[in-house]
Structures are given as structure tokens and as C-alpha cells.
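Enquirer: The following block contains a protein sequence and its predicted model.
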Protein chains: 2
Amino acid sequence: MDTAKPMRADARRNYERLVEEAKLAFGRHGVDASLEDIARNAGVGIGTLYRHFPTREALLETLLRDKFDSQAATARELLDDPSPVDALRTWLLDIGRTSAQYRGLSESMMTALTDETSRLYASCHAMRTGLSHLVERAREAGELREDVTTQELLLLAHAVAWASEHVGSENAVDRLFDLVFGGLRAS
Amino acid sequence: MDTAKPMRADARRNYERLVEEAKLAFGRHGVDASLEDIARNAGVGIGTLYRHFPTREALLETLLRDKFDSQAATARELLDDPSPVDALRTWLLDIGRTSAQYRGLSESMMTALTDETSRLYASCHAMRTGLSHLVERAREAGELREDVTTQELLLLAHAVAWASEHVGSENAVDRLFDLVFGGLRAS
DNA sequence: TTAATCTACGGAGGCAGCCTCCGTTTGGCT
DNA sequence: AGCCAAACGGAGGCTGCCTCCGTAGATTAA
């Protein structure tokens, strides 16, 4: 059922240009970058941008879909990992890195998770489902704090991404994640 | 040296009305609330708002100054607390709660901390200094992870505040703080 | 090749919010 | 009462969001 009737040549061209410029703009200015700038830089009218991407989130989702898919696949693979807690940790760190890709993305993703009408909702929700299996396994193995929920873990991963926006260093996500996962008291 | 020549009666009246309305608006809509709405609701022209508070952050600082002062005082008192790590924990949790007071405040505070021209900079910086003494003491007592910095602790406290914005429950800050401070692995 | 069709384009226009500037009002002092 | 510095207020310029609709031009049929 590969529906999707082929796009007209000019439409496809514009779509691709918009995606390219959006990547640049979000990278430079965060997810609140001006949509009119993106359209202008793509050599396209603002109306064309809105036709292809009716909301900012629709555009964002297009940029991130590949990443979301690979993350879902990874979640499945990690279910076979010998160490449940390491598997969980690995996956959460990956989410954190993804979420730190553009400034403001963690905010958007958390908001999407509680707004069913959002274009990002489905993707974000799917990830939570994937995560919950990893959490279950880690909990059963007795390697995870008993009372912590899937939702909380996801939230903390995004919180780490948010925090990394305020740190200069390259590997901020990894570092902060290490602190949160391991705790702050002397061991 | 109590400089500050007294304000004209109308000026003082308007100032106070603006502060009241700002509290309401920030409470309802977060720190990005419309300044024009605040002025309108205070029964004052937009120009008057800007004269009293040249930036959004100046307004924010006015609303929070008392809280900042009391937090600085608390930091001094806690230096005598019998348990250095509990003292540190208490203070950080308090910061987290403050930062969670208005939606978006954690973002503003972290941004202010790295922008010397910001109206909030001085207050935020002072708090970091206060914190550093508590950190020092906890570290010397061997109760705190060796490698963690003051800056990181402050950042994590704000990250918890940020995260709490995406949780429905009342005591989200406390709960998340507990997770971060204690770590996520089974104990 | 041309003509007909209808998809996709572009940007004007309306709205909201930020911030500045300056003519007008008014509180407080003499 | 009269003066004047202090304070007021909102018009106006700007940026960004988003919609709507007249027009261009890609595609298809003849």
C-alpha cells in the first residue's frame, strides 16, 4: 500500500530545499528559528512552506523521523543485551543526545508527549512504549530503583538534554547523564 | 547612605500596580507573558512599564529579589548544619522550588548566569557563590561525589525545575530532586 | 504541439508582541 | 498660583505567525 501519489516536480524540489534550510536554521537558532527566514533562504514563498508543513512541529518531525525510527529499532535490539541496566542506560543516553540536537527541542518533545494533537505526539509516544520494555526488564533484574517510572526516566533524559544547552563543553549530555544516572552522593 | 530619592506619588503607585499584575501574569502564563497585557491590566501605558522596568528580566528580578535574599541568608545558616550533605541538599531543593515558581524561569535563570549584562546576573551569581561554600563543605566531609562541580549542581537543580513543568503532580520538584540526588540504580 | 486542467506557488494582509520616542500631563515645591 | 522636572501614554516601526486567494506553470490528453 505505498499510497502517496507522486509529487509534482517543483513541489518535490521545494520540499527538499525547505528541509535542508530548516536543518541549518534549527541548528543555528534552535527550534524557534524564523519560518519566514527558512522559506526565504530556500527561495520559496512562506505559503509554500506552510503547505508542505502546516505546523512547526510537522517540519521538526520530518527532520527527526529517521532518528526516531532508528531509536525504536535500537530499543528492540537492546532487549537482548546481557545487562538490562546498561541497555536502559544506553538507550536513555541516546534519547538525551537526540533531544540535545537542536536548542529547544527537549521542550518541544516533552510538550508533544502530552498533546495528542501534536504532529510529534505519535513518534514521542512510540518511543515511550519502546522504553517501557527496557525499564520493565531492568526492574525485574533488580538493577533499577523500584519506584521510578518510565515517564520519569524519559523526562530526566530530556532534562539532561535541556541542561546541556547551558553548558559550553562538547560532551555535556554524557557528563550530565552520568551524574543523574549515578547519583550525586559519594560512593 | 540610603540613596534612592523618593519617587513621585503617581510613579510609586504605578510601580506597585505593575508588580502586582506581573506576579499574576507570570503565574498564569509563565515568564513569557505579554508585557503589554501586564501594562494594560495595571491600567498603565506600555511606556510606563518600560520606564520602570527596562527589560523583562528587570521586572522578574524585582519579583524575585526577596526570595534571592532569603536564599542567600539560608546558605549562610546552613554552613552550621551538622550534616553537610543534607545542608547542601536542602539548599539545592529550595533553589529548585524557586526556579519552578514560574514557567520558563529556570531557562531565564540559567541564561542569566552566563550573561553579565543581564539584570538577573548579579543575583544568580551571588547564589552560585553561596552554594560553592556548601559544596566545599560537603566535599570535604566526603559525602559528595568527588568530581561534581558547583556549576553542575546548580544546573541540575534548575533542570529539575524545568522538568517539573512537564509533570502534573503537586510535588514534582521534590520527587524529581530525590531521583537525581539519589541516583537511579537500585540501592 | 497545443490546449485544458488543476496542482502548487507566492506574497499581501491581518494579527500580536516588542520596544522607542516624544508631545502632553501632573505632582510637588516655592 | 505658577513653575518645571518628573512621569505618563500610546502611536509607530519592526519582526514573526499564519491564512487566503489570484496566478503560474507542470502534467496530461488530444
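Expert: Everything's here; your move.

Enquirer: How about the residues of chain A by DNA strand C?
Expert: Contacts of chain A with DNA strand C, taken as Cβ under 7 Å from any atom of the strand, map to A:7-8, A:10-11, A:14-15, A:43-48, A:50-52. C-beta coordinates here come from the backbone N, C-alpha and C atoms, glycine included.

Enquirer: Among the residues you listed, name the buried ones.
Expert: A:14, A:15, A:44, A:48, A:52 (16 or more other Cβ atoms under 10 Å in any protein chain shown).

Enquirer: In contact with whatever residue of chain A ends up closest to chain B, which residues?
Expert: Closest approach between chain A and chain B, counting by Cβ to the nearest Cβ: residue A:183, at 2.2 Å. Contacts here follow Cβ atoms under 8 Å, 6 or more residues apart in numbering or on different chains; on that basis residue A:183 touches B:145, B:180, B:181, B:182, B:183, B:184, B:185.

Enquirer: And for residue A:185?
Expert: B:85, B:143, B:144, B:145, B:181, B:182, B:183.

Enquirer: ok, it to DNA strand D distance?
Expert: Plainly put, residue A:185 is 44 Å away from DNA strand D if you go by Cβ to the nearest atom of the strand, to the nearest Å.

Enquirer: Okay, and the beta partners of that residue?
Expert: For residue A:185, the beta-bridge partners under DSSP bridges are residue B:144.

Enquirer: Got phi/psi on the residue of chain A found nearest DNA strand C?
Expert: Residue of chain A nearest DNA strand C, by Cβ to the nearest atom of the strand: residue A:47 (1.9 Å). Dihedral pair for residue A:47: phi -60, psi -40, per degrees, to the nearest 10.

Enquirer: For the nearest residue to residue A:45 once chain neighbours are set aside, give me the pLDDT.
Expert: Closest residue in space to residue A:45, ignoring its immediate chain neighbours: residue A:39 at 6.4 Å, by Cβ to Cβ, 6 or more residues apart in numbering or on different chains. As predicted, residue A:39 sits at a pLDDT of 98.

Enquirer: mind listing what residue A:39 touches?
Expert: By Cβ under 8 Å, 6+ apart, the residues touching residue A:39 are A:18, A:21, A:45, A:46, A:48, A:49.

Enquirer: Near DNA strand D, list only the ones from those.
Expert: Answer for the contacts of residue A:39 near DNA strand D (Cβ under 7 Å from any atom of the strand): residue A:46.

Enquirer: Residue A:6 - that's part of a helix, no?
Expert: No: looking at residue A:6 with DSSP: H, G, I helix; E, B strand; the rest coil, it is coil, so not inside a helix.

Enquirer: And the contacts of the helix or strand encompassing residue A:136?
Expert: Using DSSP states H and E, residue A:136 sits in helix A:121-140. For helix A:121-140, contacts defined as Cβ under 8 Å, 6+ apart pick out A:61, A:64-65, A:68, A:71-72, A:75-76, A:78-79, A:84-85, A:87-88, A:91-92, A:95, A:109, A:112-113, A:115, A:144, A:146, A:149-151, A:153-154.

Enquirer: what does stretch A:68-78 give?
Expert: With Cβ under 8 Å, 6+ apart as the test, stretch A:68-78 has contacts from A:87-88, A:90-91, A:94-95, A:98, A:123, A:126-127, A:130-131, A:133-134.
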